Structures are given as structure tokens and as C-alpha cells.
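S.K.: Okay, here's the prediction I keep looking at, along with the sequence it came from:
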Amino acid sequence: MKYDESPTLNELKEEIREWAKEKGWWDPENRNPLELLMLITTELAECAEAYRDGNKICKKPGMIMYSEAEEELADVIIRVLHMAAEFNMDIGGAVQAKMNYNQSREHRHGGKKY
């Protein structure tokens, strides 16, 4: 699917749902949410490894304009949206609500370092 404008998170979620079905990665009745969370964690670890290795240009076809870290963060987002699709989550609405909540919080949430 191609978009004239940037897609919303929920539009991307639906595209990922269709892709996952087409590629055999769709089994919402039997997927364990902890398994899906570990797949997300694995992608984050791969992003950290990209930085450890100097964050080189990605050599995969169609990805040479991006760094390896960008590629891995894209995988994180894809996995998050796949999980949101499998569990019928309104991830777009949740992100907007969370950003609204975060706007009401103190600077650095009251002094947190990170």
C-alpha cells in the first residue's frame, strides 16, 4: 500500500496486519504477548548492537539511505504495531493520549535523570 501523506499509526497497524497474514505471521488466537514483547526486545538489542558496531549504512536492498540503527528501530515499530494488531489495540489513540498526559507532567517528570 502507498500513501500520499504519512499514514497514521492505526493505518500502519492495519497494513502490518495484512502483511503478517499474507506472510504467515498471523495467529492471534495462539500468540503469547510475552513472546511478542521479547521479539520487540530483540529488535532493541539489535539496535544497540548497531551502535556498538559504529552504526554503519544499512546494506539491505532499498535501505541504503538509512543507518543500521534506523533499520532496527523500524523493526521495533513494526513489531509493536504487529502486536497492537494481534490484540486489537488502538495504538494511535493510546499514543495521542499518552502524549497529552506527558504534556501535563513536570519537567523531566519532577527531576528524573533519564
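M.R.: Done, it's in.
S.K.: which phi and psi does Ile57 have?
M.R.: phi -70, psi 140 (degrees, to the nearest 10).
S.K.: Tell me how many other residues crowd it.
M.R.: 12 (other Cβ atoms under 10 Å). Placement of C-beta: from N, CA and C, glycine included.
S.K.: That one and Glu71 touch, don't they?
M.R.: No. Under the criterion of Cβ atoms under 8 Å, Ile57 makes no contact with Glu71, lying 9.8 Å away.
S.K.: Read off the pLDDT value for the most centrally placed residue in the chain.
M.R.: The chain has Ile77 as the residue nearest its centroid, 1.0 Å off, counting by Cα atoms, centre = their mean. Per-residue confidence (pLDDT) for Ile77: 97.
S.K.: what's the helix or strand for it?
M.R.: For Ile77, the host element (DSSP states H and E) is helix 68-86.
S.K.: For that helix, buried residues please.
M.R.: Buried positions in helix 68-86, judged by neighbour count with 16 or more other Cβ atoms under 10 Å: 68-73, 75-76, 78-86.
S.K.: quick one: contacts of it?
M.R.: 9, 12-14, 16-17, 20, 25-26, 28, 31, 33, 36-37, 39-40, 43-44, 46-47, 50-51, 53, 55-58, 60, 63, 66, 89, 91 (Cβ atoms under 8 Å, 6 or more residues apart in numbering).
S.K.: try 7 Å this time
M.R.: Outside helix 68-86, the residues within contact range by Cβ atoms under 7 Å, 6 or more residues apart in numbering are 9, 12-14, 16-17, 20, 28, 31, 36, 39-40, 43-44, 46-47, 50-51, 55-56, 58, 60, 63, 91.
S.K.: With only the CA atoms kept, save that helix in CSV.
M.R.: The C-alpha trace of helix 68-86 is given here as CSV (Å, rounded to 0.1, in the frame of the first residue of the first chain):
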residue,chain,number,x,y,z
GLU,A,68,21.6,0.1,10.7
ALA,A,69,20.1,1.7,13.8
GLU,A,70,17.3,3.2,11.8
GLU,A,71,16.6,-0.1,10.2
GLU,A,72,16.4,-1.8,13.7
LEU,A,73,14.2,0.9,15.1
ALA,A,74,11.9,0.5,12.1
ASP,A,75,11.7,-3.2,13.1
VAL,A,76,10.8,-2.2,16.7
ILE,A,77,7.9,-0.1,15.4
ILE,A,78,6.8,-2.9,13.0
ARG,A,79,6.8,-5.4,15.8
VAL,A,80,4.9,-3.1,18.2
LEU,A,81,2.3,-2.4,15.5
HIS,A,82,2.0,-6.1,14.8
MET,A,83,1.4,-6.8,18.4
ALA,A,84,-1.2,-4.0,18.6
ALA,A,85,-2.9,-5.5,15.6
GLU,A,86,-3.0,-9.0,17.1
